[in-house]
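Colleague: Give the three-dimensional model of this entry:
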Amino acid sequence: MPVPNTFANATTSIPLSQLDNNFATAITLGNTAIQLGNTVTTLNNMTFANVTVSSGSVTVANVTVTGVGTFAAGSNTAPSITTSGDTNTGFFFPAADTVATTTGGTERMRVDSSGNVGIGTSSPIGKLDVTQSTNFSLYANHTSTSGYSGIGYYENGSSKGYQVHFGSAASGGERLETWISSAAPLTFGTNNTERARITSDGNFLLGNTGGTSKFVSYQSATNNNIESNSPNSGMTHFLVVSSLPSSLSHNGLQQRDCRS
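Modeller: Presented below is the predicted three-dimensional model:
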């Protein structure tokens with residue numbers, strides 16, 4: 001018997017054996033629920049709209065989605081986007097506007113609603129927050145035998161000249177460089193207080209922010225000492241001041257007492 005292409009108003013059951021290759025046009029199933037039995041049924045080249053699977057699972061190969069694919073939120077132990085045979089690894093959605101990855105049932109990384117990326121933490125406090133409960137290592141690796149790896153600071157897309165370089169042996173020996181290419185000082189502080197700085201002229205200042213000598217040590221409250229000390233009583237301690245250019249007329253140590 002002929003089988004109509006539209007089943008919206010069908011009142012009797014239609015054997016699956018009738019649904020064969022005789023259909024050369026698309027089949028429209030109406031708005032009523034359609035139930036396929038427990039037998040394995042192969043449906044080729046079908047288009048679905050607003051399909052809901054209320055229970056069980058559906059196995060589909062080679063899916064092309066041209067619209068929006070919507071998934072359940074899932075969890076770290078049962079991610080909603082996963083792979084067969086390793087269902088505790090994948091992607092899940094722990095909160096609104098948030099996506100996370102999990103491996104082995106443990107969350108590893110998430111991007112929160114503010115765009116902050118957290119690795120090892122579910123509450124990142126900055127654009128990149130890397131947290132480790134034990135020893136922490138962050139590696140910068142380049143595969144060349146020369147040059148360096150580094151960290152640079154940019155502001156509004158322009159380099160501000162603040163860089164940390166990790167040099168290789170081929171570029172002059174293994175070394176750590178803290179580099180400022182602009183006319184700005186490099187400062188060092190403890191307890192939220194500046195303790196020393198290297199000025200843009202190359203002067204090294206201790207306890208002060210200004211000075212024209214290559215080395216300035218300043219202490220306002222107590223004795224201002226430069227001490228050379230050794231636990232070995234047989235050691236001789238020196239403070240050597242020298243000038244290499246013959247044009248300089250003298251070397252020396254000068255004590256200036258600012259007390260009145």
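Colleague: Can I get stretch 110-117 in CSV, CA atoms only?
Modeller: Coordinates of each C-alpha in stretch 110-117 appear next as CSV, following Å, rounded to 0.1, in the frame of the first residue of the first chain:
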residue,chain,number,x,y,z
ARG,A,110,37.9,27.3,34.5
VAL,A,111,37.0,30.6,32.9
ASP,A,112,34.6,32.5,35.1
SER,A,113,31.9,35.1,34.2
SER,A,114,34.5,37.9,34.4
GLY,A,115,36.8,36.3,31.9
ASN,A,116,39.3,35.3,34.6
VAL,A,117,41.2,32.0,34.1
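Colleague: Enumerate the positions of it that are buried.
Modeller: 110, 112, 116 (16 or more other CB atoms under 10 Å). C-beta here means a position set from N, CA and C on the backbone, and glycine is covered the same way.
Colleague: ok, now stretch 139-152?
Modeller: Buried residues in stretch 139-152 (16+ other CB under 10 Å): residue 148.
Colleague: Can you give me the neighbour number for residue 202?
Modeller: Applying other CB atoms under 10 Å, we find 7 residues neighbouring residue 202.
Colleague: Skipping its backbone neighbours, what lies nearest it in space?
Modeller: residue 214 (7.1 Å; CB to CB, 6 or more residues apart in numbering).
Colleague: ok now do that neighbour, which residues does it touch?
Modeller: Applying CB atoms under 8 Å, 6 or more residues apart in numbering to residue 214 gives the contacts 202, 203, 204.
Colleague: From residue 191, how far out is residue 95?
Modeller: According to CB to CB, to the nearest Å, residue 95 and residue 191 sit 38 Å apart.
Colleague: Among those two, which residue is more densely surrounded?
Modeller: Ranked by neighbour count (other CB under 10 Å), residue 95 and residue 191 place residue 95 first, with 12 against 5.
Colleague: can you map out the strands along the stretch 51-200 of the chain?
Modeller: 81-83, 86-92, 99-103, 106-111, 117-119, 128-130, 148-155, 158-167, 175-180, 186-190, 193-198 (DSSP state E, counting those that start in this stretch).
Colleague: Out of these, which is the most enclosed?
Modeller: Highest mean neighbour count of the strands of the stretch 51-200 of the chain: strand 99-103, a mean of 18 (counted as mean count of other CB atoms under 10 Å).
Colleague: list the helices and strands that one packs on?
Modeller: Where contact means 3 or more CB pairs under 8 Å, 6 or more residues apart in numbering; DSSP states H and E, strand 99-103 is packed against strand 86-92, strand 106-111.
Colleague: if I read this right, residue 126 contacts residue 114, doesn't it?
Modeller: No - with contacts counted by CB atoms under 8 Å, residue 126 stays clear of residue 114, the gap being 9.7 Å.
Colleague: Which segments of the protein make up each domain?
Modeller: With automatic domain parsing as the criterion, the domains of the chain are listed as 145-182, 184-225.
Colleague: May I ask which helix or strand of this structure has the lowest mean pLDDT?
Modeller: Among the helices and strands of the chain, strand 158-167 carries the lowest confidence by mean pLDDT, DSSP states H and E, at a mean of 70.
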